[in-house]
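J.: dropping the sequence and predicted coords here.
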Amino acid sequence: MAPSEVVRTRTCDIWLDRIVHARFHDGAMVSLADAEENIAATARIAGRPRPVLIDLRLLRSQSAAARAYLAGPEATKVSTAVALLVASPVSRVIGNFYLGFNRPEVPTRLFGDGPEAEAWLVQFLGATDDG
Amino acid sequence: MTGERDPSERLNELMDVVVGIASNDFDRRATVGDGGDVLDGIAAGLNMLAEEVGLHRELESQYRERARRAEQLAAVGQLAASVAHEVNNPASYVLASLDLIGMFLEGLHSARSGGPDDLARAAEALTDARHGVERIVSIVRDLKRLSRREAPQLVALSLNEVVEQVHRFVRPQVAHRARFELSLGRIPPILGDRARLAQVVTNLVVNAAEAILDGGLATHFVRVETTAEEGAVQLRVRDNGGGIADGIRARIFEPFFTTNAHVAGTGLGLPISLAIVRDHGGALTFESEVGQGTTFTVTLPAAPTSALAPSRPPPMASPKMGRRPRVLFIDDEPLMLRAYDRIFGRDYDVGVALGARTAQSVLATDVDWELVLCDLMMPDLDGPAFSAWLTTRVPALADRLWFCTGGAFTPRIEEFVERNQHRCLSKPFGPEELARALSSCGIEARRLR
């Protein structure tokens, strides 16, 4: 399966390449409205729930409302598992806050290494997903 | 670039957020740079922490208010059985008295009775019936006060009156466990919300009773005492029950903490009582000894004298020469209007209007009334709507319009009563209340007795 086109939202670039990839723009500050936009875009691209790799490394901030939304039932409609890619102190803090305070409903882990994150997500690919 | 900022300036900014969180200011934020260093990570973390704690505090405040209301409703629910008992007793002897009077009148009609003894018994039955109804009215009035849900209203009141109201309600719950005693001293008025203070007293008394096992009536008591202290009033609820163990004393004001798992209750009575007492600028403390009993003490500030200044009564005026005061009663219940005519017709020139629209017709040709008394809950045109009409169309009577209600059942009427408490009578009312209403209009009222 060829990778899909990249959809650019206000804060994020999203595309499908077996798994859903989402990369936040440099210095992005994510509000609830942004989170809703990103989930809607993911739903259009993915078509059904898929594993998602989210690159937080350039993210600057994420509101509490955005985090709560992303951990809630709307997000479970688009993701079967989520890998959060972190590196900078800010992205590590945001990732850990998300895990600790919001307790997402789908399996979620932090990674410092992209290939390792993808390898973990592959196990959540469905039998009918392109592999 | 963040790296160009002075590190001490960045640390001071972080400290500012920390101090803000500690002092309940959750709006302070530190600048997060491009995420390249640990200070940026700490700044991001502190910002999120401040936001989360602020949100949780807001939710906690909402939760406490909901919990307070739930506890209030639970307290009313607990009292429902007591109310049923209290109302059924006087209702029973009202019915019995009326039956007796009915038999007397029937016998009178058939000439089988009517002698002095029968007349005396009938008169006595009437007195008993009146007493029974007064008692029911008093119970209903107190219950309305206890269950009122409006925002706290601080008025000058007597804490002894609150205790006596609660005593009437709660006595059945206590009576099978302990003697319920009152020792009410001469105390100054306080500024308080009657319904909420009643809730506090109820909670403390019920807790005290529950500390005493069934069957302890002969040897156990729950005693409520009030005393005046310097600039304050103290209320003490004492029991000689089991006392509170050392290990749990620190927890008794904790929400949902209870040692009485077998007793229906939410475990919120004491925390809510504490919050109410603090809202009144007071303190709630306790002393206890295992095997000896417990005393809870509520200390409330006395009302400042400026809050007690009586309003100047309006100048008295006599009704127009040669006539009795004219009073127009407006109600949608024909039986109520008949009762008004019967009760007040001897001393007043009574007019009646069945509903507000009829009253409008009356007032179109006759505005010469000393007092207009209007029911609030009427289906065609209610009290507030009639008031608005009267103020516009017959402004001369606007200051002579009073209202009566058996209980407000809609938010609109409740709000209207709140704004017009000073000219509302609660049904049923008698000659004293009507005289007060006329007096407020500057009319010297006649008394029936």
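T.: Arrived safely. Remember, it's a predicted structure, so these values are computed and weren't measured experimentally.
J.: can you list contacts of the worst-scoring helix or strand of chain A on mean pLDDT?
T.: Ranked by mean pLDDT, DSSP states H and E, the helix or strand of chain A with the weakest confidence is helix A:73-76, at a mean of 87. By C-beta atoms under 8 Å, 6 or more residues apart in numbering or on different chains, the residues outside helix A:73-76 that reach it are A:36, A:39, A:49, A:69, A:104-106. For glycine as for every other residue, the C-beta is placed from the backbone atoms N, C-alpha and C.
J.: and the longest helix along chain B, anywhere near chain A?
T.: Of all the segments assigned as helix in chain B under DSSP state H, the longest by residue count is helix B:38-109. Yes - contact between helix B:38-109 and chain A, assessed by C-beta under 8 Å from any C-beta of the partner chain, occurs at B:38-45, B:47-48, B:51-52, B:55.
J.: for ChimeraX, write the select line for the buried members of those.
T.: Of the residues of helix B:38-109 next to chain A, the buried ones can be selected in ChimeraX as follows, counting by 16 or more other C-beta atoms under 10 Å in any protein chain shown:
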select /B:39,40,41,42,43,44,45,47,48,51,52
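J.: give the contact list for residue A:120.
T.: Contacts of residue A:120 by C-beta under 8 Å, 6+ apart are A:81, A:83, A:109, A:111.
J.: just the residues you listed now: which is nearest chain B?
T.: Closest approach to chain B among these (C-beta to the nearest C-beta): residue A:111, at 16.9 Å.
J.: please name the nearest non-neighbouring residue to the closest one.
T.: With sequence-adjacent residues excluded and distances taken as C-beta to C-beta, 6 or more residues apart in numbering or on different chains, residue A:111 is closest to residue A:117, at 3.8 Å.
J.: give me the number of residues near that neighbour?
T.: Neighbours of residue A:117 under the rule other C-beta atoms under 10 Å in any protein chain shown: 23.
J.: quick one: the helices in the stretch 301-449 of chain B, in order.
T.: B:334-344, B:356-365, B:383-393, B:411-419, B:431-440 (DSSP state H, counting those that start in this stretch).
J.: by contact count, what packs against the shortest one?
T.: In other words, helix B:411-419. helix B:383-393, strand B:401-405 (3 or more C-beta pairs under 8 Å, 6 or more residues apart in numbering or on different chains; DSSP states H and E).
J.: any idea which of the ones you listed is most buried?
T.: Highest mean neighbour count of these: strand B:401-405, a mean of 22 (counted as mean count of other C-beta atoms under 10 Å in any protein chain shown).
J.: name the residues that touch it?
T.: B:331, B:371-377, B:383, B:387, B:390, B:413, B:417, B:420, B:423-427, B:429, B:437.
J.: turn the contacts of helix A:73-76 into JSON lines, including pLDDT.
T.: Formatted as JSON lines, the contacts of helix A:73-76 follow (pLDDT from 0 to 100):
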{"residue": "A:36", "pLDDT": "95"}
{"residue": "A:39", "pLDDT": "95"}
{"residue": "A:49", "pLDDT": "92"}
{"residue": "A:69", "pLDDT": "93"}
{"residue": "A:104", "pLDDT": "90"}
{"residue": "A:105", "pLDDT": "87"}
{"residue": "A:106", "pLDDT": "92"}
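J.: reformat the residues you listed as JSON lines; add secondary structure and distance to chain B.
T.: Listed next are the contacts of helix A:73-76 as JSON lines, based on DSSP: H, G, I helix; E, B strand; the rest coil; distance: C-beta to the nearest C-beta, whole Å:
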{"residue": "A:36", "secondary structure": "helix", "distance to chain B": "18"}
{"residue": "A:39", "secondary structure": "helix", "distance to chain B": "20"}
{"residue": "A:49", "secondary structure": "coil", "distance to chain B": "27"}
{"residue": "A:69", "secondary structure": "helix", "distance to chain B": "13"}
{"residue": "A:104", "secondary structure": "coil", "distance to chain B": "16"}
{"residue": "A:105", "secondary structure": "coil", "distance to chain B": "19"}
{"residue": "A:106", "secondary structure": "coil", "distance to chain B": "21"}
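J.: ok, and the closest non-adjacent residue to the spatially most central residue of chain A?
T.: The centroid of chain A falls nearest to residue A:54 when counting by C-alpha atoms, centre = their mean (3.5 Å). Excluding the flanking residues, the one nearest residue A:54 by C-beta to C-beta, 6+ apart is residue A:22, at 4.7 Å.
J.: touching, that neighbour and residue A:52? I think so.
T.: Yes - counting by C-beta atoms under 8 Å, residue A:22 sits close enough to residue A:52 to count as a contact (6.4 Å).
J.: was I right about residue B:380 contacting residue B:358?
T.: No - in this structure, residue B:380 is not within contact of residue B:358 by C-beta under 8 Å, at 9.3 Å.
J.: if you count surrounding residues, which of the two has more?
T.: residue B:358 (15 against 11).
J.: tell me the SS of the residue nearest to residue A:111?
T.: helix (DSSP: H, G, I helix; E, B strand; the rest coil).
J.: list the contacts of it.
T.: Going by C-beta under 8 Å, 6+ apart, residue A:117 touches A:53, A:83, A:85, A:109, A:111.
J.: make a PyMOL selection of the buried ones in those residues.
T.: Selecting only the buried entries of the contacts of residue A:117 in PyMOL, with 16+ other C-beta under 10 Å as the criterion:
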select buried, chain A and resi 53+83+85+111
